[in-house]
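Engineer: Pasting a predicted model and its sequence here:
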Amino acid sequence: MLPLQTGVTGGGPLAIVVTFLLVAAFYAVTLHLAATFFIGDVPSQRAAYVAPAPASASLLLQQWGLRGFGPLSPSLAAGIAILGILVADLIAISYVYRLQWSSALPLALLHFGFAAVLGVALNNIFGLL
């Protein structure tokens, strides 16, 4: 069971689906903000098409940052997980926005920055994490 699913629902399939949808919506909003800043006026649907890739990668790889993986320390494993999430995001951005790798990489890094800043801000406001 993923750590985000322990709560009111008891960690069943419903909790996994709701968590995935919330994380995907968060990534879609932050990607649309980053794409609008980087590219200009873009349809928001493209961000919604990209969002499941980093959302699924982050939910699958979050265990590495909590416990580590084999001989890896938790901080090194979290760094590898973040790199995996960035790669999934980069591939999806390049495909959906039809960008070359040289243009998709800055957008993926900008998306990571927007998501990190907004995530920290929401955590400070609501104390969810």
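Structural biologist: Nice, I can see it.
Engineer: what about residue 42, which SS state?
Structural biologist: Here residue 42 is coil, with the state taken from DSSP: H, G, I helix; E, B strand; the rest coil.
Engineer: Test my guess that it contacts residue 99.
Structural biologist: No - using CB atoms under 8 Å as the test, residue 42 is too far from residue 99 to be in contact (10.9 Å). (C-beta placed from N, C-alpha, C; glycine too.)
Engineer: Could you check which of these two has the larger neighbour count?
Structural biologist: Ranked by neighbour count (other CB atoms under 10 Å), residue 42 and residue 99 place residue 99 first, with 19 against 14.
Engineer: so where does the nearest residue to residue 38 once chain neighbours are set aside fall, helix or strand?
Structural biologist: Leaving aside its chain neighbours, residue 38 sits nearest to residue 107 (5.1 Å; criterion: CB to CB, 6 or more residues apart in numbering). Taking DSSP states H and E as the criterion, residue 107 maps to helix 101-126.
Engineer: what pLDDT, on average, does that helix get?
Structural biologist: Across helix 101-126, the average pLDDT comes to 93.
Engineer: quick one: residue 41 and residue 47, what's the gap?
Structural biologist: Using CB to CB, to the nearest Å, we find residue 41 at a distance of 13 Å from residue 47.
Engineer: These two: which is more packed in?
Structural biologist: Taking other CB under 10 Å, residue 41 and residue 47 do not tie; residue 47 has more neighbours (23 against 6).
Engineer: re earlier: what's near enough to touch the residue nearest to residue 38?
Structural biologist: Residue 107 sits next to 34, 35, 38, 39, 93, 97, 99 when contact means CB atoms under 8 Å, 6 or more residues apart in numbering.
Engineer: List the contacts of the first one.
Structural biologist: Neighbouring residues of residue 34 by CB under 8 Å, 6+ apart: 107, 110, 111, 113, 114.
Engineer: what about 7 Å?
Structural biologist: 107, 110, 111, 114 (CB atoms under 7 Å, 6 or more residues apart in numbering).
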